[in-house]
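Predicted model follows, preceded by the sequence.
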Amino acid sequence: MSTPSVDAQQATRITEVYVPNSPLVSFRIVVRTGSVNDPAGKEGLNALTAAMIGQGGSQSLTYQQIVDKLYPWAARISAQADKEITTIVGEVHRDHVQEFYGLLWELVSAPRFDADDFARNKDDQLNYLKNTLRGNDDENLGKAGLNLLMYANHPYHAVVAGTVQGLNAVSLDDVRTFHRAMYTQSRIIFGIAGGYPKELIDRIKNDLSALPAGSFSEVPLPSPVQPVGVEGMIIQKDNRATAVSFGYPIDVTRKDRDFYALLVANSYLGEHRTFNGVLMNHLRGDRGLNYGDYSYIENFIQDGGSTFPDPNIPRRQQFFSVWIRPVEPKNAHFAIRAAMREVQLLVDNGLTKDQFETTRDFLIHYSKLWVQTQSRRLGYVMDSEVYGIPYYIDYLAKQLSLLTVDDVNAAIKKHLQAKNYYLSIVAKDAGPLSDALLSNAPSPIQYNNPNVPAEILAQDKEIQVLPVNINKEKFTIVPSGDLFEK
Amino acid sequence: MMIKLSGAVLLAGAMLALVATGRAAEPGTSNDIFPYPVTKTVLDNGLTVLTIPYDSPGLVAYYTVVRTGSRNEVEPGHSGFAHFFEHCMFRGTVKYPADKYNDILKRLGADSNAFTTDDWTCYHIVASADALETLADIESDRFMNLKYSEEAFKTEAGAILGEYNKNYSVPFQSMYETLQNTAFTTHTYKHTTMGFLADIKDMPNQYDYSLKFFDRFYRPENCTVVVVGDVKNDEVIRIVRKYYSGWKRGNYQVQVPVEPPQKEEKVVHMPWKNRTLPYLMIGYHVPAFSDDDVQRASLDILSQLVFSESSPLYQSLVIKKQLVEFVNGGVDDHRDPFLFTALSRIKDVKDVDSVLDEIYAALENAKTVPVDAQKLRDIKSYIRYAFAMQLNKPDNVAVTIATYIALTGNYDSVNKLYALYEKVTPEDIMHAAQKYFRKENRTVVILEHEAAQ
């Protein structure tokens, strides 16, 4: 693949990843607006505006006409909203790129704002909050719960889809006004990758120039409040198994040097969907507690069926988190203790030189796999621009190569701790679990396997009484139906 | 959150004209949909090796296909075992115990995992191309010499229950479980790949059976290694011969019971304890995957005609009346006769019956009203372009070929199937609809919040 280039002119910012042999053309139109831009009382407006582009008509074509146009090409257009960035993603075979681009650009610059499209998209978004999240998806419910806890009174507070009351208050005129303010030259970075004709770039520049200039200023973000003790909630709903997420905000992102030190530490602790992390090896591998146990130092949304994160979800503030996939209720308390112990061991002991080197080398190789398709590569290039760093995958390799084990261990001490967390639990037996957590009652693990190795049993004795410092003033039980209301 | 438009059911398909210019690969033969050359080698022990050079500098996808899935679980009490066994395959050997195996993959910076379906099990790795010999070494070793303790086996059973539990809060999973259990009486498709919960709970007690399972199915004649990426066939074959030649053939033949025809409609109402929108799942029995039965291929075209986002049904239910969030339908290809499944999430419980009626009416319509010529061209175009667009990395090329290996044992089925799509006529579609979309041939599952029932 060729080296990405960025058009320096402020008015027409175009990121290109030209791959002449590719039969596909990928588009990522990044708009610097997110749920942080939702007006108070209208939470969900940004995501709904994106939906009107991703699943709506344009000025000249109804939604159905657009679907019909894209269909024989098997071309795709979707919208992805996050806290600070919204991205319109498109992909088409180069046989149809000119016509596809025209259609895509009209959707972005001149959506139809059809009342029926509005009703449909609003319904979908409300149903996502009211039904999917509250009742049909415990793992994401647990993560959304952690978000609510970490960012009370912060612009990141609402989930990206908004709140039920916020969405109910949004009118079609609100969407129109929001679009006019946000989908402007000053907020858009246009990304294109693949085997596109070079003359298309001139057309894109012209179109971008015709957009209103607009203005861009970042929504101020206060420092997130750190937990005192373990603050949290048990989200009560009927389920088979208990989902757990815990963590706290950290003040590093990809633009900080310490981020790369923490990247190594985190990979050692809990690299997503691998058997590299101690969390996975000790909770699932040694004890069969659940399907998986991972940790993160930034917001992570898995890209479809892969194990890699979606690009185009950059944030100015990030968080450290541990994700314990659903555990049998009888072992939930133990699993929480076991996971917190792993963080404690990391904070206390750091990594050895050997652990550091193997983990660093893993990341240098593994990160190359994050950009196997041109569309993902484009996404990573654009995220790098948003963070103000060189191309992330190269920059990561360089930063990692400069690290020493002492840097990593110093960064762990500086940014991570194992006493104070926000803790979000989705459980059926909320009352008894809450009582057990509050009283630090012993929680022996119950095994299927009667012949557990002695060294594991010895650790279990320590884990089952590990104190978890619950902040009794800030630990509640909430019915799942009460969440995301306002 | 993601908001999606277009591209509903990912079918496959791209004509030569679309892809000949793509990714610097030469087309296989002149009429083939699959654009890359495939070199097939069969070792003396029956192991098939496919090499597919692909323009992905420095990268290789290394797939091992085992033609065993939950379909093979013919003995009572052992449902879900193929999937469980997939997990056991990560528990190590004498030469490479689990932690050493993981250390090697970690050093390579590889992306490695596995999945199991009703028909097959797939072990997949993407790594640096220069790691090819290491991959062949560690993969051949576990396929030939797997050795795990009873304790490790019991512990892994906990992870399986965890996987079942994590899926359980999502209604789809439970609905598929109910649909298959209701629609099938005899065939092993009666249970999902995960298996019956009672069998999952009993897994810790099945150590001896797991040894038998390995002995039966993890044999060279039942497996294919697919290598895609920055590789040369001669080198691949040299390495594979070196590491896999000592693998001994097996002789187990599974007898999968045949499902008798369904005689009457079956309807199941599933109560859901948490608040939910109602979900609808309809399954019609249809024939096994075939690369030469035009009526079977017609069902794939029909699924686009009736259920794609460009269909009148979608336009009516999703866009005009806005009664449902989505509606889709299609055949999930299987080795044995399986189901054509339609699925929808309805916005209001009062509309369940009218949505059902509208879906039935659309299927009735397909029996008597021939598709117009332009629409048929559009569908065929969609299928071809969707195929071309999915081949965007070695991983996806490998899994595409692996799928057809699993279904028929022959990667060339992909080319035959897409050639067959080109031949489908409006009459073929009507005949297929008449044959399969009959009331007595269907099973309906309706999931609603229990308070609504």
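Sure, I can see it. Numbers count the residues shown, from 1 in each chain, chains lettered A, B, ... in the order given.

Spell out which helix or strand contains residue 87, please.
No chain in the question, so chain A it is. strand A:86-93 (DSSP states H and E).

Not quite, go with chain B.
Using DSSP H and E, B:His87 falls in helix B:81-88.

Distance from the chain centre to that helix, please.
For helix B:81-88, the distance from its own C-alpha centre to the chain's C-alpha centre is 16 Å (CA atoms, centre = their mean, to the nearest Å).

hmm, who's touching the next helix or strand after that helix?
Of the helices and strands lying after helix B:81-88 in sequence (DSSP H and E), the nearest is helix B:98-108. Under the criterion CB atoms under 8 Å, 6 or more residues apart in numbering or on different chains, residues A:274-276, A:281, A:285, A:358-359, A:361-362, A:365, B:90-93, B:96, B:112, B:125, B:127-128, B:131, B:134-135, B:138, B:142, B:148, B:152 lie in contact with helix B:98-108. Quick note: C-beta positions are derived from backbone N, CA and C, even for glycine.

just the helices in the stretch 101-250 of chain B please.
Counting by DSSP state H, counting those that start in this stretch, the segments of the stretch 101-250 of chain B that form helices are B:132-145, B:150-168, B:171-183, B:197-202, B:207-217, B:233-244.

Is it correct that B:Ala398 falls within a helix?
Yes - looking at B:Ala398 with DSSP: H, G, I helix; E, B strand; the rest coil, it is inside a helix.

And it, how far from A:Ser215?
For B:Ala398, the distance to A:Ser215 (CB to CB, to the nearest Å) stands at 48 Å.

helices or strands next to the strand holding A:Thr87 in the packing?
Packed against strand A:86-93, as judged by 3 or more CB pairs under 8 Å, 6 or more residues apart in numbering or on different chains; DSSP states H and E, are the following elements: strand A:24-31, helix A:45-54, strand A:76-81, helix A:97-109, helix A:374-387, helix B:373-390.

for the first one, packing partners?
Taking 3+ CB pairs under 8 Å, 6+ apart as contact, the helices and strands that strand A:24-31 lies on are strand A:86-93, helix A:97-109, strand A:188-194, helix A:374-387.

Okay, angle between the longest one and strand A:86-93 too, please.
So that's helix A:374-387. Using axes from the mean of the first three to the mean of the last three CA atoms, to 10 degrees, the inter-axis angle of helix A:374-387 relative to strand A:86-93 is 150 degrees.

coming back round to it: a markdown table for the helices and strands packed on strand A:86-93, including mean neighbour count, distance to A:Phe319 and mean pLDDT?
Supplementary listing: the helices and strands packed on strand A:86-93 in a markdown table, determined by neighbours: other CB atoms under 10 Å in any protein chain shown; distance: least, CB to CB, whole Å; pLDDT from 0 to 100:
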| stretch | mean neighbour count | distance to A:Phe319 | mean pLDDT |
| --- | --- | --- | --- |
| strand A:24-31 | 26 | 22 | 98 |
| helix A:45-54 | 28 | 20 | 98 |
| strand A:76-81 | 24 | 19 | 97 |
| helix A:97-109 | 20 | 31 | 98 |
| helix A:374-387 | 23 | 16 | 97 |
| helix B:373-390 | 20 | 34 | 97 |
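
between the ones you listed, which one is nearest to B:Ala61?
helix B:373-390 (13.9 Å; CB to CB).

Isn't B:Glu448 up against B:Lys273?
No - with contact defined as CB atoms under 8 Å, B:Glu448 and B:Lys273 do not form a contacting pair (11.1 Å).

the more surrounded of those two?
Between B:Glu448 and B:Lys273, B:Glu448 has the larger neighbour count (other CB atoms under 10 Å in any protein chain shown), namely 19 against 13.

So what are the sheet partners of the one helix or strand that one maps to and their directions?
When elements are defined using DSSP H and E, B:Glu448 is found to belong to strand B:442-449. Strands flanking strand B:442-449 in the sheet, each with its direction: strand B:266-272 (parallel), strand B:279-286 (antiparallel) (DSSP bridges).

Residues contacting the shortest one, please?
It refers to strand B:266-272. Under CB under 8 Å, 6+ apart, the answer for strand B:266-272 is A:135, B:171, B:174-175, B:178-179, B:182-183, B:442-450, B:453.

Can you find the helix or strand of the chain with the lowest average pLDDT?
I went with chain A, as the question did not name one. The helix or strand of chain A with the poorest confidence is strand A:5-6; it has a mean of 48 (mean pLDDT, DSSP states H and E).

ah, I was thinking of chain B
Least confident element among the helices and strands of chain B, by mean pLDDT, DSSP H and E: helix B:16-19 (a mean of 24).

Spit out the contact partners of the closest residue in space to A:Tyr391 that isn't next to it in sequence.
Beyond its immediate neighbours in the sequence, the residue positioned closest to A:Tyr391 (CB to CB, 6 or more residues apart in numbering or on different chains) is A:Ser384, lying 5.2 Å away. By CB under 8 Å, 6+ apart, the contact set of A:Ser384 is A:254, A:390-392, A:395.

go on, A:Pro222?
Taking CB under 8 Å, 6+ apart as the contact definition, A:Pro222 lies against A:His154.

if we can go back for a sec, need the helices and strands packed on strand A:24-31 in JSON lines with distance to A:Val219, can you?
As requested, the helices and strands packed on strand A:24-31 are exported to JSON lines (distance: least, CB to CB, whole Å):
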{"stretch": "strand A:86-93", "distance to A:Val219": "14"}
{"stretch": "helix A:97-109", "distance to A:Val219": "22"}
{"stretch": "strand A:188-194", "distance to A:Val219": "17"}
{"stretch": "helix A:374-387", "distance to A:Val219": "14"}
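
that older thread, pull the residues that contact the strand holding A:Thr87.
By CB under 8 Å, 6+ apart, the residues outside strand A:86-93 that reach it are A:23-31, A:33-34, A:46-47, A:49-50, A:53-54, A:73-80, A:100, A:104, A:107-108, A:312, A:375, A:379, B:18, B:385, B:388-389.

Show me what counts as buried in stretch B:279-289.
By 16 or more other CB atoms under 10 Å in any protein chain shown, the buried positions in stretch B:279-289 come out as B:279-287, B:289.

Repeat that for stretch A:150-161.
Using 16+ other CB under 10 Å as the test for burial, stretch A:150-161 gives A:150-151, A:154-161.

again with stretch B:257-269
Burial within stretch B:257-269, assessed by neighbour count using 16+ other CB under 10 Å, is assigned to B:259, B:262, B:266, B:268.

Going by distance to chain A, which of those residues wins?
If you rank the buried residues of stretch B:257-269 by distance to chain A using CB to the nearest CB, B:Val268 comes first, at 18.7 Å.

Please name the nearest non-neighbouring residue to the residue in the stretch 151-300 of chain B that chain A sits nearest to.
Of all residues in the stretch 151-300 of chain B, the one sitting closest to chain A is B:Gly158 (2.4 Å; CB to the nearest CB). If the residues on either side of it in the chain are set aside, B:Gly158 comes closest to A:Gly288, at 2.4 Å by CB to CB, 6+ apart.

got the phi/psi numbers for the one you found?
With angles defined as degrees, to the nearest 10, A:Gly288 shows backbone torsions of phi 60, psi 30.

Quick one: residues contacting it.
By CB under 8 Å, 6+ apart, the contact list for A:Gly288 reads A:447-449, B:154-159, B:162.
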